[in-house]
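In: everything below, folded, please.
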Amino acid sequence: MNLHLPVFARRLLRPLLDPYRRYRHAKLIHAVRVSIGLLATILLTTGINLPHGEWASVTMLIVIGGLQHHGNIGKKAVERAYGTLIGASVGLLLVVQQAYFGQPLLTYLLMSVVCGFFSYHAIGKGGYIALLSAITVFIVAGHGDNPISDGLWRTVDILIGIVLALAFSFALPLYAVYSWRYSLASALRDCAAIYSRIISGQSVTDDEHLKLLNRLNAAMLQLRSLMPSVSKEVRISMTELDAIQRHLRMCISTLEILGNTRPDPRDEQAMARMQLTLKAEHRQIRVQWVGMARALKSGFTERLDRPAAQVSDDAGLEAPVQNALDGYRLLTLQLAGNVDAMRQRLAKTASHWKI
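Out: Numbering: from 1, shown residues only. You can find the predicted model right below:
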């Protein structure tokens, strides 16, 4: 996102414009944004003396209070708008029939049936819209005894809250793609750190090694949860994101296997032979992991376009496995191929996630 600002302005605003700093301080930025948004709804609704203005503030909290990523906020606001319009329409109809027939028991029965219908659809796709529709019925109609004017004002308040929530989501937006990029970069650096431990003969059962593996597994879960929002924000297909995720998962799985199949670190000759035989592969794999991490963090993606050096031919993958070192070498070659394929995927999608 290129902003054409004077040099002094860029320096002054660097903490806010720098994606990495916004990622590091996302919770603080989100808290400040919600606070200012709530203040705006309060000042607006009280300033023009809008009845039941507190519902604008409630809506602001519902739409963006628990969501910091821009991709989620837009979806939540649209669902909130649909739920509000459906629920408000039903609530107003219930108020009208109560005023016309004057039968509270009939109103209670109709409200229960309607909310039961919404609850049926609240489980599954579109469930949030259905749940909000049911809630809005009671916000607008009460138990059927609310004046029609109150129901209309509350509907207006909710719509105002949605509009303001969307407006503040565009103010210093916190993109899910930032979290995805930097979390993936951190995971790739952890892969490089684990790989260095494996090939240098360090323990794969001590606390430091297990800590790195646990952090990688946690990163996998976080990246998976971010994918739908990232797809909406930067228009990368879920298929493409899933392919990148699959490459990372294969890297982690291969690292765990390599840690258990490497030569015994106490056998210095076997370790030396491994280091000599796979020196080029070891270097290529680590360089590519670190290079991808740097590209993801900095946004300078030119390094992703550099093809990996050809360190072995396909015959190495097809050769029979005659001893433990052959098996280890085969896994290493497969890991090198997987890492290079991941680099190509990131290079292919760089124009989308590099914002």
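In: can you pull out the low-pLDDT segments for the protein?
Out: In the predicted model of the chain, residues 1-17, 67-72, 74, 172, 265, 267, 270, 307-324 satisfy pLDDT under 70.
In: tell me which element the spatially most central residue of it is part of?
Out: Taking C-alpha atoms, centre = their mean, the centroid of the chain lies closest to residue 226, which sits 2.0 Å from it. Element membership for residue 226 (DSSP states H and E) is helix 207-234.
In: and what of residue 195?
Out: Residue-wise, residue 195 maps onto helix 176-199 under DSSP H and E.
In: buried residues in that helix?
Out: If you call a residue buried by 16 or more other C-beta atoms under 10 Å, then helix 176-199 has these buried ones: 176-195, 197-199. Just so you know, the C-beta spots here come from the backbone N, C-alpha and C atoms, and that holds for glycine as well.
In: so that helix versus helix 207-234, what angle?
Out: Relative orientation of helix 176-199 and helix 207-234, computed by axes from the mean of the first three to the mean of the last three C-alpha atoms, to 10 degrees: 150 degrees.
In: quick one: distance of helix 176-199 to the chain centre.
Out: Counting by C-alpha atoms, centre = their mean, to the nearest Å, helix 176-199 is centred 16 Å from the centre of its parent chain.
In: for it, packing partners?
Out: helix 19-24, helix 70-101, helix 207-234, helix 238-261, helix 279-298, helix 324-353 (3 or more C-beta pairs under 8 Å, 6 or more residues apart in numbering; DSSP states H and E).
In: can you put those helices in CSV and add distance to residue 62?
Out: Conversion of those to CSV gives the following (distance: least, C-beta to C-beta, whole Å):
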stretch, distance to residue 62
helix 19-24, 24
helix 70-101, 6
helix 207-234, 18
helix 238-261, 26
helix 279-298, 33
helix 324-353, 29
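In: quick one, which of the ones you listed gets closest to residue 165.
Out: Comparison of these against residue 165 by C-beta to C-beta identifies helix 70-101 as nearest, at 5.9 Å.
In: domains of the chain?
Out: Taking the TED database as the domain assignment, the record places the domains of the chain at 20-171, 176-352.
In: chain center to the shortest one: distance?
Out: A distance of 25 Å separates the centroid of the chain from that of domain 20-171, by C-alpha atoms, centre = their mean.
In: ends of that domain, how far apart?
Out: 17 Å (C-alpha to C-alpha, to the nearest Å).
In: repeat that for the last one.
Out: Distance between the boundary residues of domain 176-352 (C-alpha to C-alpha) amounts to 13 Å.
In: any idea how far the nearest residue to residue 81 once chain neighbours are set aside is from residue 149?
Out: What sits nearest to residue 81 in space, not counting adjacent residues and going by C-beta to C-beta, 6 or more residues apart in numbering, is residue 162, at 5.4 Å. The spacing between residue 162 and residue 149, counted by C-beta to C-beta, to the nearest Å, is 21 Å.
In: with neighbour numbers in mind, choose between these two.
Out: Set side by side, residue 162 and residue 149 show unequal neighbour counts under other C-beta atoms under 10 Å, the larger going to residue 162 at 21 against 10.
In: quick one: contacts of stretch 139-146?
Out: Contacts of stretch 139-146 from elsewhere in the structure, counted by C-beta atoms under 8 Å, 6 or more residues apart in numbering, are 55, 87-88, 91-92, 94-95, 98, 104, 107-108, 111, 150-151, 154-155, 158.
In: which among the residues you listed end up buried?
Out: If you count burial by 16+ other C-beta under 10 Å, the buried members of the contacts of stretch 139-146 come out as 55, 87-88, 91-92, 94-95, 98, 107, 111, 150-151, 154-155, 158.
In: before we move on, back to that, you'd agree the residue nearest to the centre of the chain is up against residue 182?
Out: No - if you go by C-beta atoms under 8 Å, residue 226 and residue 182 don't touch, sitting 10.7 Å apart.
In: check contacts around residue 122.
Out: Listed by C-beta under 8 Å, 6+ apart, the contact partners of residue 122 are 128, 130-131, 134.
In: one step back: out of the helices and strands packed on helix 176-199, nearest to residue 40?
Out: Using C-beta to C-beta as the criterion, the shortest distance between residue 40 and the helices and strands packed on helix 176-199 is 15.6 Å, found for helix 70-101.
In: my guess is residue 145 is in a strand, correct?
Out: No - when classified by DSSP: H, G, I helix; E, B strand; the rest coil, residue 145 is found to be coil rather than part of a strand.
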